[in-house]
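Engineer: sequence and predicted structure, then a few things I'm wondering about:
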Amino acid sequence: SQKIEQNSEALNIQEGKTATLTCNYTNYSPAYLQWYRQDPGRGPVFLLLIRENEKEKRKERLKVTFDTTLKQSLFHITASQPADSATYLCALNTGGFKTIFGAGTRLFVKA
Amino acid sequence: GAVVSQHPSWVICKSGTSVKIECRSLDFQATTMFWYRQFPKQSLMLMATSNEGSKATYEQGVEKDKFLINHASLTLSTLTVTSAHPEDSSFYICSARDWAGSTDTQYFGPGTRLTVL
């Protein structure tokens, strides 16, 4: 079955640096992949969607890449700020109606 | 756009009582909604898929008689935790699917913190 792997260890970076989070998946490549942000005690918030025929997608300080050969998506936050501290979830549609979510990676940005 | 509300945001109840949680899509119609639960520092766990006008589909291990789901309209789904016990205490989150052409995105509610005493 399709699985998603995100780095379970927290990522600590200094303010102003670029944060890079990794999402790896097994089996077949999905038609598209999504990234969400979740703050403690809150529901996830949708950030970006990238399709399999798109290598890169940008939105303000966010950038997502999708490499179907490596079966990997990278999520970048440039010029990171303490307010970017949160858990970031990778999600993919398995075909049909089901979306599966990774466990998420916690990001801490220090001032 | 694509806002999902959830009510209540938190609830404390006594063991044995039932609790209803509402999930509404405010600016779009959702034929499909999802209910998740999440324990501290753990991933989202899908409980069931709620389809408007039909029975919900439950994930393996989720008791359908304990977690009653009703999706009566295109903008409202409810989850009722019946005869709640302390082990049901958790963070419950709903999401609504929004189809946009060939892709679908789930938009989540803010979550409901349930504490059963």
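Structural biologist: Happy to help now that I have it. Numbering: from 1, shown residues only, chains lettered A, B, ... in the order given.

Engineer: looking at chain B, which helix or strand does the model trust least?
Structural biologist: The weakest-scoring helix or strand in chain B, judged by mean pLDDT, DSSP states H and E, is strand B:103-108 (a mean of 85).

Engineer: partners of that one in the sheet?
Structural biologist: strand B:90-100 (antiparallel) (DSSP bridges).

Engineer: now chain A against chain B: closest residue?
Structural biologist: Residue nearest to chain B within chain A (C-beta to the nearest C-beta): A:Gly43, separated by 3.6 Å. For every residue, glycine as well, the C-beta is placed using N, CA and C.

Engineer: so that residue: helix, strand or coil?
Structural biologist: Three-state assignment for A:Gly43 (DSSP: H, G, I helix; E, B strand; the rest coil): coil.

Engineer: confidence score at it?
Structural biologist: On pLDDT, A:Gly43 comes in at 95.

Engineer: do I have it right that it meets B:Arg113?
Structural biologist: No. When contacts are counted by C-beta atoms under 8 Å, A:Gly43 is not listed as touching B:Arg113 (11.3 Å).

Engineer: can I get the least confident helix or strand of chain B as PDB, trimmed to CA atoms?
Structural biologist: Extracted in PDB, the C-alpha atoms of strand B:103-108 (Å, rounded to 0.1, in the frame of the first residue of the first chain):
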ATOM      1  CA  THR B 103      -7.800  17.700  -8.300                       C
ATOM      2  CA  ASP B 104      -9.300  17.600  -4.900                       C
ATOM      3  CA  THR B 105      -8.200  19.400  -1.800                       C
ATOM      4  CA  GLN B 106      -9.300  18.800   1.700                       C
ATOM      5  CA  TYR B 107     -10.100  21.900   3.800                       C
ATOM      6  CA  PHE B 108     -10.000  21.300   7.500                       C
END
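
Engineer: for the residue of chain A closest to chain B, which non-adjacent residue is spatially closest?
Structural biologist: Nearest non-adjacent residue to A:Gly43, counting by C-beta to C-beta, 6 or more residues apart in numbering or on different chains: B:Phe108, 3.6 Å away.

Engineer: so what's the gap between stretch B:105-117 and the chain middle?
Structural biologist: Averaged C-alpha coordinates place stretch B:105-117 at 7 Å from its chain's average position (C-alpha atoms, centre = their mean, to the nearest Å).

Engineer: ok, back up a step: find residues that contact each of A:Gly43 and B:Arg113.
Structural biologist: Common neighbours of A:Gly43 and B:Arg113, using C-beta atoms under 8 Å, 6 or more residues apart in numbering or on different chains, do not exist here.

Engineer: now the element after the helix or strand of chain A with the lowest mean pLDDT, going C-ward?
Structural biologist: Every helix and strand of chain A was ranked by mean pLDDT, DSSP H and E. The lowest is strand A:99-101, at a mean of 86. Next helix or strand after strand A:99-101 toward the C-terminus (DSSP states H and E): strand A:105-110.
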